[in-house]
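Colleague: need coordinates for the following:
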Amino acid sequence: MQMLESIRRKIESAEDLYSVVKTMKALSAVNIHVYERAVQAINKYFQSIENGLQIVLKKNPEMLITNNKISEGVTGIIAFGAQKGMAGNFNLPVVNKLKGWVEKKRADLKFSPVVCSIGDRIREQLKDAGFSPESSFDFPAFRYHIDSTIQDLLLVIESWRFQKNVNTIHLFYNKPIRGVSFQPITLQLFPLDISWLRSVAKKSWPSRSIPLYTLTTGELFNHLIRQYFFIILFRAFIESMASENASRLMTMQKAEQNIEERLENLNAQFNHQRQKAITDELLDIIAGFEALTK
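Modeller: Coordinates of the predicted model:
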């Protein structure tokens, strides 16, 4: 009987865990759908920013002239990881991508990046990989609060540029691709990629004439660039959160299968032990009856 009670407690614990896993799986599936819609909306807004830059650059092609001289300075790195647990090895691809990128850059002995981590779960892994974040941010509890987090992050970037002589900033995060798949990417946030700006300027405009604008060229360009920085960071947050939920969904699916197999084995053990207990009781009854009838 003691064995039966032990197995029953294990079954109850497994069933409770199974309920939690199914709930996490459902929440992750819902969140993926929400973040996918957010990414689509962001991409449309980004297209508007790109169109604005295209108008300015087509009217002012001299803005694309650069001396290609890279000033000496420090590199800033912003790494996005998981905020919550049960997401499997979600942080590992980002950390490995960062390590590989830094190893290529370390041919220059002066290369020593400053790091900012986004997400509670990636900080320790960055430290283990040799990158101690000087600044850290948590993902906001609700996606509606991303704006305020980005504003705080932009303040850190400004302090990097003016106090630490940071002249290049790169983002590292997981980007969703198909279904529940994702892959780590790196993106240069600052300075603007001049080759990308040139490709934007070369695109054909869909109508016969380019729209006019009333602001000065410098003022409009600065507004567009600020919006560009904001939307790139916003998209990194959303895509990383979508990837985290995709990773959690895959992890929960595997956990669900493992728990189902565990429950099947425990139920088989329970039935076997119960049948054995019943058989032992019947044998005791028969033995007692035979003893009384002799």
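Colleague: from now on I want contacts and neighbour counts done on CA atoms only, so please keep to that.
Modeller: OK.
Colleague: my reading is that residue 121 lies in a strand. Confirm?
Modeller: No - counting by DSSP: H, G, I helix; E, B strand; the rest coil, residue 121 is not part of a strand but coil.
Colleague: the longest strand in the chain is where?
Modeller: Scanning the chain for the strand with the most residues, using DSSP state E, yields strand 166-176.
Colleague: what pairs with that strand, parallel or antiparallel?
Modeller: strand 74-80 (parallel), strand 182-190 (antiparallel) (DSSP bridges).
Colleague: ok, residues contacting it?
Modeller: 71-81, 93-94, 97-98, 160-161, 182-191, 236, 239-240, 242-243 (Cα atoms under 8 Å, 6 or more residues apart in numbering).
Colleague: buried residues in it?
Modeller: The neighbour-count check on strand 166-176 (16 or more other Cα atoms under 10 Å) flags 166, 167, 168, 169, 170, 171, 172, 173, 174, 175, 176 as buried.
Colleague: now the helix or strand containing residue 27: mean pLDDT?
Modeller: For residue 27, the host element (DSSP states H and E) is helix 2-59. Mean per-residue pLDDT for helix 2-59: 85.
Colleague: same check on stretch 134-150?
Modeller: On average, stretch 134-150 scores 82.
Colleague: run the chain-centre distance for it.
Modeller: On the basis of Cα atoms, centre = their mean, to the nearest Å, stretch 134-150 sits 13 Å off its chain's mean C-alpha point.
Colleague: please enumerate the helices of the stretch 151-294 of the chain.
Modeller: Listed in chain order, the helices of the stretch 151-294 of the chain (DSSP state H, counting those that start in this stretch) span residues 194-202, 217-293.
Colleague: sorry, back to before: buried among the contacts of strand 166-176? Need that as a selection in PyMOL.
Modeller: Buried residues within these, by 16+ other Cα under 10 Å, are selected in PyMOL with:
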select buried, resi 73+74+75+76+77+78+79+80+81+93+94+97+98+160+161+182+184+186+189+190+236+239+240+242+243
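Colleague: before we move on, the earlier item: can you give me the angle the longest strand of the chain makes with helix 2-59?
Modeller: 130 degrees (axes from the mean of the first three to the mean of the last three Cα atoms, to 10 degrees).
Colleague: ok, now how distant is the closest residue to residue 132 other than its chain neighbours from residue 112?
Modeller: Among residues not flanking residue 132 along the chain, residue 126 sits closest, at 6.4 Å (Cα to Cα, 6 or more residues apart in numbering). Remark: distance between residue 126 and residue 112 (Cα to Cα, to the nearest Å) = 15 Å.
Colleague: of these two, who's got more company?
Modeller: residue 126 (24 against 15; other Cα atoms under 10 Å).
Colleague: over to the more buried one: give its phi and psi.
Modeller: phi -70, psi -40 (degrees, to the nearest 10).
Colleague: now do the contacts for it.
Modeller: 95, 132, 133.
Colleague: how far away is it from residue 133?
Modeller: Counting by Cα to Cα - residue 126 and residue 133 are separated by 7 Å.
Colleague: ok, residue 74 - contacts?
Modeller: Counted by Cα under 8 Å, 6+ apart, residue 74 has contacts 111, 112, 113, 114, 164, 165, 166, 167, 168.
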